[in-house]
Structures are given as C-alpha cells and as structure tokens.
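**Q** Quick one: sequence and predicted model below, then my questions.
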Protein chains: 2
Amino acid sequence: MQRGHRRPGSTAALRLSNERAILQDLLTHGPSTQSELARRTRLSNGSVSSIVRSLRGRGVLETSDTVSSGRRATLVTPRVATRRVAVGIDLGRSHIGLVIAKPGRELLAERRVRIPHGTLAEEALGQVRALLTEELRQIDRGDEDIVAVVVSVPGPIDRTTGRVVDGTILPEWVGRSAEDVSEALGLDAEICNDADAGAIAERGWGAASGVDDFLYVKIGTGIGVGVFLAGANYTGAFGIAGEIGHSTVDPGGGHCRCGNRGCLETVASVPVVLQHLSDALGRDVTREELNELAASEHRATVRVIQAAGLALGQSIAMAANTLGPRLVVLGGPLSETGDVLLEAVRGGFSRFAIAPVVEATRVELSTLGEGASARGAATMAFEHGDALAYMAGADEGGLLSGVDIKNR
Amino acid sequence: MQRGHRRPGSTAALRLSNERAILQDLLTHGPSTQSELARRTRLSNGSVSSIVRSLRGRGVLETSDTVSSGRRATLVTPRVATRRVAVGIDLGRSHIGLVIAKPGRELLAERRVRIPHGTLAEEALGQVRALLTEELRQIDRGDEDIVAVVVSVPGPIDRTTGRVVDGTILPEWVGRSAEDVSEALGLDAEICNDADAGAIAERGWGAASGVDDFLYVKIGTGIGVGVFLAGANYTGAFGIAGEIGHSTVDPGGGHCRCGNRGCLETVASVPVVLQHLSDALGRDVTREELNELAASEHRATVRVIQAAGLALGQSIAMAANTLGPRLVVLGGPLSETGDVLLEAVRGGFSRFAIAPVVEATRVELSTLGEGASARGAATMAFEHGDALAYMAGADEGGLLSGVDIKNR
Ligand SMILES: [Zn+2]
Ligand SMILES: [Zn+2]
C-alpha cells in the first residue's frame, strides 16, 4: 500500500529507493516523459530530472527531446538488457499457465496446459519446470536470463509464514512456501494469491486499466477477490483478503468444505454449476460445453448460470458496500460464459448493494480471461525483481559496483 | 490513503508540504525526537533536520538535547499558540456531542446532550451553535480562536458532491453539505461519516492505538464501519465504504428501509434490540435500562443481545474475510452493553469468518464509548486545518508572509 517511494533511512538510501522507483516505472510503462515519471512515482520534477541525469550517465537510460500536450518535454527511454525476462506461473488444480515477458510488457511466450485434477505439488512443479525449460529454449533463452519468477496459487498466503494456509482449494498445497517452490524449480521464486495476480493483470493489461479502486473476482473451483485500493493491491494485515467465497448466501443451504452451510462457493463455483447442469440434463457436462451452451443461450444453462450469478452479485454487493470500489471485474473460468453471467451478476449486485454503490460502481467482464493470473504473476515479477537487472548498464558490469540495491 | 507526504509539484511546494507534515505530526503527537518525526512522516532524517532548523528560525518550534533509547537525540517542541482550538461535533438523531481540543490532544471541553428524535437539520445546528458558544465562553475562548471544525454525521457522504447521500438514517439530513453546515454555524466546517470519525478516535486515543489495519463498527440506529487500511482511514473510490448495515443476514427476514429483507440493521440496530426486549417484557425499555439489564445478566436481555451479536458477528466476518484486518473494535451505543455483546459477536465471528482470519483478527470493545465520534471529528479538524495556524510563530504575524501554505 505504500504510495510514493519514500522510506525512513539515510538520504543515500532514499536516493536509491527513488532510482529504483523510476526504473520500475519505466519497465512497467515503457518510454515516458519526465513529467509522466514524476506524476506516477510522486517524486518532484527536480528529483526525477536529477535521477534521470545520473542514470543516463551510467548508461542505464537515454533521453531525447519530444513534445507532450503541445509542450517541449524530455522523453526517457530505458536501455534494457534485451535478453532479460520475467516469468509468471499460474498453478491451478487442473492447469498450468506460463508467461515469459520482456520489460515493457512484451510477451515472449504464453502457454496453458491441463494437468490431472489433484496433482500433487511436487508433480505439478516438475511439470512447470519442464514447460519452462521448453519455452525458454524456443525463445533462445536460459535460466540465466530470468530476473524473477512469481508463482500464483489458488489459495490465501499467510504473510508471516509465507505459506499457503488451510482453507484453500488446493489441499495438495497447504503448508507449501516460496522456498519449496524455489527448490523444485531451481530458481528463486515468490508465491502469490491467484486473485491478486488476476487483479494486477487486469490493471496492467485489461479491464481495470487506469482504475485505482476495484475488485477482481476470480470464479473457478474457488471464488476469491483481488483488491485494489488507491492504486495498490491490498492483501490485508496478514496477507489474507478478498476471501468472499465463504460469505453466506443461503443459511439453510448445502455444506461447504469450511464447515458452514450455504457459502457462495456451494452455489456459484464452477464444479457446482457443472454439477447442477449435469443433473438438469441427465449427463456429464464439461466446462467447454458449458461455455458453448451459454453462448447459444440454452435455456437450462442460462437458468443455472443465472442462479450462480445472482448469488455472486449478492456477495460482491456486500464487498462493494464495504469498500466502495469504482469497478468490479469478473474473471476466472466462469467468466467465460460471458454476458449470461454478467447480466445475472449485475442483477444480484443492483438488488443487494446500497443505492449510491449501485450508482457509482460498474460491473464488467475480464478482458484477459484465463490468462490473467499468469500475466499478473509476470507483472509482479517485474515489480519485485531488481529493476537494475533488466537494464543494459547492469549487463555491462561494474557501473553500479559498491552500490547496495535492495530488493523490496 | 496517501503514505508519506510527497506530492507532485515543484521542489518549493514539496518543501512546504513536508513542513506541514512535520507540524501536523507534532500537533498530533506532541514533542518528539527528530528520529520519531522522520519515522512517522516517512521523510529522511536529513529533510527533517533541515525543516526543523528552518521552522526554529521562524520561531515556530524549539529544539533541545535529550536521550532516546540510550542515544543522544534532538527533541522538537512546537511553540503552539495557547489559545487556538479545534472543534469536533458529533450529530446523531437524538444527541449532539461536542469536543473542543488544544494541540497535543488536550481536551478543553467534552459535552453530550440529548435532542428530540427526528430534529430537523437546521434546528439541530442551531442547538450546536448555542452549545458551542456556551462552551467556548466557559473556557474563555471565542470563534476567533477556532482553527477548524469537523462535524460527524451518521450517513455516507458522497465525495464528488460533498453531500450526505440517501440511504442514511438521518432523513432530515439527506442532501445537506458542508456549506450548509458552515452557514448555519457561521464557521467554516467539514462534514464526515460518524463511523470514520469513531475509527480515527479509536486509533488516536482508544482501542486501536498503534494498529494500522482495523475495522471500527458503530452500532446505533444504523450500523456502519470505519475502515483503517495501512494506517489511513479508507473511504472508498467515491466516499462511501464500510456500509455493512445492509448485508443480508436473514434472507426471509423483516423489511429494511433500503427495500431488501433481513439486512443486519433489521436485526441488530439499537431500536430493533429495544423493540425485541420491550416485546419480551411487555413494556417499553429505554437504552439506559438495556445497559443495566445487560450488566445484571438479565436472562431475556442477554438472549436478545446474543441474537443481535450473532448477526453482527456474521456480517463483520464477511467484511473481515474481505479485508483481513488485525482488529475489530465494537463501538456506538450498543457496545455499552459490554461483555454480553462482545461474547456474542465473537461467537458469530468465529463461526462465520474463515479459519486464518478467526486466528489472526482480534475482536474488542471500544474504550471510548459514545464519545468516540466527537473526538475523532476533533482529530480530523487538527489534521485538515492549517497546522501553522496553531503555532505561536503564526500568531506573532509576518514570519510566514508571502508563503503559500495550502490546506489539503
Ligand atoms: Zn464455506
Ligand atoms: Zn437494508
């Protein structure tokens, strides 16, 4: 939630922290004017121009004259090390998503493969490792070109222990930590919650572009929310936030894995929707078929999705009453049923949110679909990795020796 | 949500903004070492010592040598204008609360009076004006000594219009703005939500002291939450947050003024609790009597409060699942029923929050009771007023002439 990039400490440490803020901003947004950098990093124009001058002197970036809003301006272009990449991995219960990206959000690889439901953590990570090696080879890169790896998992992560906590939909993963993942991959990796990763992706590449306060709702086997407040991903006091999957929507309803009855997940998760539809049709329905039936406005399918959407709308309304966001983005597998789901969620939302929230909060579909979490994980890898490691100046060696650049 | 005190703009504007941050911090916390100031304002030690030197030169503060944690340190003491005060007003449907405070959170006056239920806004403000005049006279002050006034009202305030929005429990107040209040009082005043004011008070003077992420639940005629995230009061994208009063706890329950059925307010607000108890005892029960009956563990009273507490615990659990706070503080009139309410809310909370949230989030009673909102409003008056106006240097005149100090 830190705004601006100031920390307590010496003036030298502050300067380094501000340097990193500018480099990371350039990595995320690409070439920018000094004014844009000042606005986004909340540093003064004077600080930005002094830091840019110093980084240019070290060969890390270049400047050129340009015109912005009809006025003369200085365009700052990072001299990125063209081989360096960030890796984002999305681990679900039945899929692996992988994104390899260059600075400036240029995708070099984007893959998605199915794995058997309930695959153990070690096995899944073995497959990730194989997939990563294969994709790196195809783009003529190796492990030595990777600056940072972030792995998104569908469960809450306790910030104090750094471990996936119980109550997740990935029982195979409970208690696993970033260290376990790093060891299995042979690479330093962080782990993050999949809904947080999705939110970060939607803000960077998708429906929430330019929106500071929004909720990204991931509807899959579990249901979780990635929360953006005042322009930053908020993960609570201890790393857990957005867990709306266990809000009660039907007090007398079915039993939930959390022990309560009628939780949102018991009426609106993908497996439950598929089960209801299979019961209605008297045969097994797959996810692919669900999407097709929804697209053709198949009557029973529409009704099953409407019931799920109404409950989702109600739970989202409670979260929106609490947070007053500008936007709600519906993502995850169920969002691929499209407008049928969207209209139903909007209906539930309008009915249950208080009037001023209904009026001020938009509800939209994700524009990234299933790829959101892997892209968000890659974005986090850019933000958490050492920004200097992506720069050409660093590649040439020695220019920054003796300077203590700390990650996060 | 702004952390630190940096804004875009010129270096001179930045310097002024940092000066104000230091002065406001001194007003809130009283005499402090330079290191404490640097830590709390997130400015570098160098910036703090340079600004302190400049302010000392202008007679605004004094410095002295001290020892802190066994090391030599510089203690900074603001030279406050001893006559200057901030005013906080809490306007409920049946009470007026008034606090007059000096810098350093020294209370000069704290009053609470009852007004007839449903008093019109203009009438209520007339009474506030009379009460304020009387209290000022008793402490030998006048309007000219007031630096800022903040009025807390029990309803959401739309940040774009600055007006109390519909859906509030103060129908007499819908559409009123800070300008209306200022005109009625003959003083520049801001308005704020009462639950936000309560949260600010609990963090400054009460149960949430030192806690960055917490929820303050005000349970009165309405039920609202003041949200603190990462050390700042969060009021949503458009000024509305924490409206848990209309979360559904009983889908088939009674009709609510919002048009839905079984909202939290239909089962746990003070009027509903009084009504249930009156029905049970076959006679009218007052708020004072409710508190006495609860204190003596009167069986029917305990049961009525337990039912309300369970529903409160459920709604609070949904909000806590969404935000992962460190602490929940129960405040407002119903919190004066004490441990009976606390135990019931804890019961509902443990039952409905997900396991890691139950484990990490404490639920406690307010330590400020009914006085919280007026104190919080006074604290906001200190934070939003011009810090220099409280300083002795400003009283002496001229020292800061030509300097453009902007409020907020
Ligand atoms: Zn559940
Ligand atoms: Zn309601």
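**A** In hand now; what should we look at? Numbers count the residues shown, from 1 in each chain, chains lettered A, B, ... in the order given. Ligands and ions are numbered 1, 2, ... in the order given.

**Q** Close to ligand 1: what parts of chain A are there?
**A** Within chain A, the positions lying close to ligand 1 (CB under 5 Å from the ion) are A:246, A:256, A:258, A:260, A:263. Placement of C-beta: from N, CA and C, glycine included.

**Q** who's in contact with the fourth one?
**A** Counting by CB atoms under 8 Å, 6 or more residues apart in numbering or on different chains, A:N260 touches A:246, A:248, B:351-352.

**Q** Show the contacting residues for whatever residue of the stretch 101-250 of chain A ends up closest to ligand 1.
**A** Ligand 1 sits closest to A:H246 of the stretch 101-250 of chain A, with a gap of 3.6 Å, by CB to the ion. Applying CB under 8 Å, 6+ apart, we find A:H246 in contact with A:167, A:256, A:258, A:260, A:263-265, B:321, B:352, B:354.

**Q** likewise A:R111?
**A** Contacts of A:R111 by CB under 8 Å, 6+ apart are A:96-99, A:131, A:135.

**Q** Need the residues you listed in TSV (columns: pLDDT, neighbour count and secondary structure).
**A** As requested, the contacts of A:R111 are exported to TSV (pLDDT from 0 to 100; neighbours: other CB atoms under 10 Å in any protein chain shown; DSSP: H, G, I helix; E, B strand; the rest coil):
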residue	pLDDT	neighbour count	secondary structure
A:I96	94	23	strand
A:G97	95	25	strand
A:L98	97	22	strand
A:V99	96	28	strand
A:L131	96	18	helix
A:E135	97	18	helix
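
**Q** quick one: which of those is nearest A:R176?
**A** The closest of the contacts of A:R111 to A:R176 turns out to be A:I96 (CB to CB; 15.3 Å).

**Q** Pretty sure the closest one sits against A:D90.
**A** Yes. The pair A:I96 / A:D90 is scored as a contact, 7.1 Å apart, by CB atoms under 8 Å.

**Q** where are the low-confidence patches of the stretch 51-200 of chain A?
**A** Residues of the stretch 51-200 of chain A meeting the criterion pLDDT under 70: A:166-170.

**Q** Which residues of it lie near ligand 2?
**A** So the stretch 51-200 of chain A never meets ligand 2 (CB under 5 Å from the ion).

**Q** Helices of the stretch 51-200 of chain A, residue ranges please.
**A** A:121-138, A:178-185, A:194-205 (DSSP state H, counting those that start in this stretch).

**Q** What are the buried residues along the longest one?
**A** When burial is assessed from 16 or more other CB atoms under 10 Å in any protein chain shown, helix A:121-138 yields the following buried residues: A:121, A:124-125, A:128, A:131-132, A:135-136.

**Q** domains in chain A, as residue ranges please.
**A** A:11-79, A:85-198+A:372-384, A:208-367 (automatic domain parsing).

**Q** Strands along the stretch 151-300 of chain A, start to end?
**A** A:157-158, A:163-164, A:189-193, A:214-219, A:223-229, A:232-234 (DSSP state E, counting those that start in this stretch).

**Q** one step back: which single one of the contacts of A:H246 is nearest to A:R299?
**A** Using CB to CB, A:L264 is the member of those that sits closest to A:R299, with 24.4 Å.

**Q** Pull up the distance across stretch A:205-216, start to finish.
**A** 13 Å (CA to CA, to the nearest Å).

**Q** Name the residues of it that are buried.
**A** A:205-208, A:211-216.

**Q** just stretch A:239-259 next, same as before
**A** In stretch A:239-259, counting by 16+ other CB under 10 Å, buried: A:239-249, A:253, A:256, A:258.

**Q** Return the distance of it from the chain's centre.
**A** For stretch A:239-259, the separation from the chain centroid amounts to 23 Å (computed by CA atoms, centre = their mean, to the nearest Å).

**Q** Tell me which residue lies nearest the centroid of chain A.
**A** The geometric centre of chain A, computed from its C-alpha atoms, lies nearest to A:A197 (CA atoms, centre = their mean), at 1.7 Å.

**Q** pretty sure it is touching A:G376, no?
**A** Yes. Here A:A197 reaches A:G376: they are 3.3 Å apart, a contact under CB under 8 Å.

**Q** Residues that sit against both of these two, list them.
**A** What both A:A197 and A:G376 touch, as defined by CB under 8 Å, 6+ apart, is the set A:88, A:152, A:226.

**Q** for the first one, what are its contacts?
**A** When you say that, I think you mean A:G88. A:97-99, A:101, A:149-150, A:152, A:197, A:373-381.

**Q** Distance check, it against A:S335.
**A** Distance of A:G88 to A:S335, computed by CB to CB, to the nearest Å: 19 Å.

**Q** cool, and A:L264?
**A** A:L264 is 15 Å from A:S335, by CB to CB.

**Q** Neighbour count: the two, which is higher?
**A** Per other CB atoms under 10 Å in any protein chain shown, whichever of A:L264 and A:S335 has more neighbours is A:L264, with 28 against 24.

**Q** A:I223 is in contact with the more buried one, correct?
**A** Yes. The pair A:L264 / A:I223 is scored as a contact, 5.6 Å apart, by CB under 8 Å.

**Q** Mutual contacts of the two, please.
**A** Contacts common to A:L264 and A:I223, judged by CB under 8 Å, 6+ apart, are A:244-245, A:312, A:315.

**Q** Can you list the residue ranges for helices in the stretch 201-350 of chain A?
**A** A:265-268, A:270-281, A:287-295, A:299-323, A:339-352.

**Q** quick one: average pLDDT of the last one?
**A** Which is helix A:339-352. If you average the pLDDT over helix A:339-352, you get 97.

**Q** With the second one instead?
**A** In this model, helix A:270-281 has an average pLDDT of 96.

**Q** list the contacts for A:L342?
**A** Taking CB under 8 Å, 6+ apart as the test, what A:L342 contacts is A:309, A:330, A:363-365.

**Q** I'd like to know which of these is nearest to ligand 2.
**A** Using CB to the ion, the contacts of A:L342 come closest to ligand 2 at A:V363, 19.8 Å.

**Q** Give me the phi and psi for the nearest residue to A:M391 once chain neighbours are set aside.
**A** Closest residue to A:M391 in three dimensions, ignoring its sequence neighbours and counting by CB to CB, 6 or more residues apart in numbering or on different chains: A:V60, at 4.6 Å. Backbone torsions for A:V60, taken as degrees, to the nearest 10, come to phi -80, psi -30.

**Q** Where does the stretch 301-408 of chain A get nearest to ligand 2, which residue?
**A** A:I354 (7.5 Å).

**Q** contacting residues around A:E36?
**A** Here A:E36 is in contact with A:29, A:68 (criterion: CB under 8 Å, 6+ apart).

**Q** Now tabulate the buried residues of stretch A:205-216 in JSON lines and tack on pLDDT and distance to chain B.
**A** Listed next are the buried residues of stretch A:205-216 as JSON lines, based on pLDDT from 0 to 100; distance: CB to the nearest CB, whole Å:
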{"residue": "A:W205", "pLDDT": "83", "distance to chain B": "21"}
{"residue": "A:G206", "pLDDT": "89", "distance to chain B": "18"}
{"residue": "A:A207", "pLDDT": "92", "distance to chain B": "15"}
{"residue": "A:A208", "pLDDT": "94", "distance to chain B": "12"}
{"residue": "A:V211", "pLDDT": "95", "distance to chain B": "8"}
{"residue": "A:D212", "pLDDT": "93", "distance to chain B": "7"}
{"residue": "A:D213", "pLDDT": "96", "distance to chain B": "4"}
{"residue": "A:F214", "pLDDT": "98", "distance to chain B": "8"}
{"residue": "A:L215", "pLDDT": "98", "distance to chain B": "9"}
{"residue": "A:Y216", "pLDDT": "98", "distance to chain B": "13"}
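
**Q** Since that was my last question, I'll sign off now.
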